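Novice: what's the 3D shape of this:
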Amino acid sequence: MRQIWITKAGKPAVLQIKEAAHPIPGSGEVRINVETVGINFADILGRMGIYPDAPGIPYVPGYEIAGTVALVGQGVSGIKEGDKVFALTRFGGYSDVVCVPYKQVFQRLDWMSAQDGAALPINYLTAYIMLIVMGSLHPGDRVLIHNVGGGVGLAALDICKIIGAESYGTASPEKFEFLQSYGLNHAIDYRHYDYEKVIGDLTQGKGIQIILDPLGGKHWKKNFRLLTPTGRLIYFGFSSHVSGTKRSRLRALREIIMTPFYNPLTLMNANKGVSGVNINHLWEQGDLITEWMAEIVNWYDEVLFRPTIDRAYPFNKVADAHQYIQDRKNIGKVLLTP
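Specialist: The predicted structure follows:
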């Protein structure tokens, strides 16, 4: 089989394809012939050597795949050879064959493509947990989605449309036409305008009920100020300390220094909530993930949404795929196809 390895920390060129023997599924595992692999920003951070949850370099990145079950290990129930599936992988997803614990594997609907399947797990679970589980999203809520044109951002926008929330999103101006046609209520040009002032004007100072923040650093203070009383600020990343193709310890340190710390008394008196989501720390919550994913698949079945696929790259173009995402060019999901 073929795997894509991060051989050392650095630019996209450090990604290399290597051959390996086919894995044998252990007890409770299934082997999947991979058709599509999802790329996430955490893969970019891992390649740059600044993702704290990544294993030691060298390693094979990748959190989500879709394909066909080839072998079933002992102790597996509800899955058989030949099933069309998608799955969460705890690294190792950049492969054309993977072994995965069966509780992280989900059946694809007959009309769900491998591309759609690989685009669901990380983005839609993250958005669902933030908005539905932790954000307690209600119809009419005002929701600010930073990086709304990315995979998680569009997944969150889909959920806002399903529930009936009013959406605000920061993005570069060249993405506005697509985002507005997709259903974004208020597009905000973060490159040329202060989004805090823009939102203050748009809401007449009333603020935002839910803010999804993958940026970190100084943005956390601004977003906290934008919350209306009883508002919820939910963190799911720290992308503001990534610039260019190289890691910058100075930039990261500067962003960390600007990160605020909240104490319970501050939150109580402000009547605001702060929380965070990291899928990589939920691997032991299989029953919850299954429950949440069932709701997402049900929405897909009812044609309430379809994931937006920007483009798919073959394995030998993985460096181009990483660069495309790192340059913030993508609108929606970027995939790899073995």
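
Novice: ok, Leu282 to Ala294 distance?
Specialist: Separation of Leu282 from Ala294 (Cβ to Cβ, to the nearest Å) stands at 16 Å. The C-beta positions use only the backbone N, C-alpha and C, and glycine is treated the same way.

Novice: Please compare these two by neighbour count and tell me which comes out ahead.
Specialist: Leu282 (16 against 11; other Cβ atoms under 10 Å).

Novice: who's in contact with the more buried one?
Specialist: Listed by Cβ atoms under 8 Å, 6 or more residues apart in numbering, the contact set of Leu282 reads 288-289.

Novice: Please give the number of neighbouring residues around the residue nearest to Ile39 when sequence neighbours are not counted.
Specialist: Excluding the flanking residues, the one nearest Ile39 by Cβ to Cβ, 6 or more residues apart in numbering is Val334, at 4.8 Å. Val334 has 23 neighbouring residues, counting by other Cβ under 10 Å.

Novice: cool, and Thr68?
Specialist: Thr68 has 16 neighbours, counted by other Cβ under 10 Å.

Novice: partners of it in the sheet?
Specialist: According to DSSP bridges, the partner residues bridging Thr68 are Asn33, Lys84.

Novice: same deal with Ala312?
Specialist: Counting by DSSP bridges, Ala312 forms beta bridges with Leu335.

Novice: Tell me how far it lies from Tyr324.
Specialist: Distance from Ala312 to Tyr324, by Cβ to Cβ: 11 Å.

Novice: Ok, Ser181 next?
Specialist: 22 Å.

Novice: Could you check which of the two is surrounded by more residues?
Specialist: Neighbour comparison, Ser181 and Tyr324: the larger count goes to Tyr324, with 18 against 8 (by other Cβ under 10 Å).

Novice: what about the more buried one, helix or strand, and which?
Specialist: Assigning secondary structure by DSSP states H and E places Tyr324 in helix 318-326.

Novice: Give me the residues contacting that helix.
Specialist: Contact with helix 318-326 is made by 4, 12-13, 15, 17, 39, 41, 43-44, 47, 94, 242, 245, 311, 313, 330, 334, 336, as judged by Cβ under 8 Å, 6+ apart.

Novice: Got a quick ChimeraX command for the buried subset of those residues?
Specialist: In ChimeraX, selecting the buried portion of the contacts of helix 318-326, with burial taken from 16 or more other Cβ atoms under 10 Å, looks like this:
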select :4,12,15,39,41,43,44,47,94,242,245,313,330,334,336
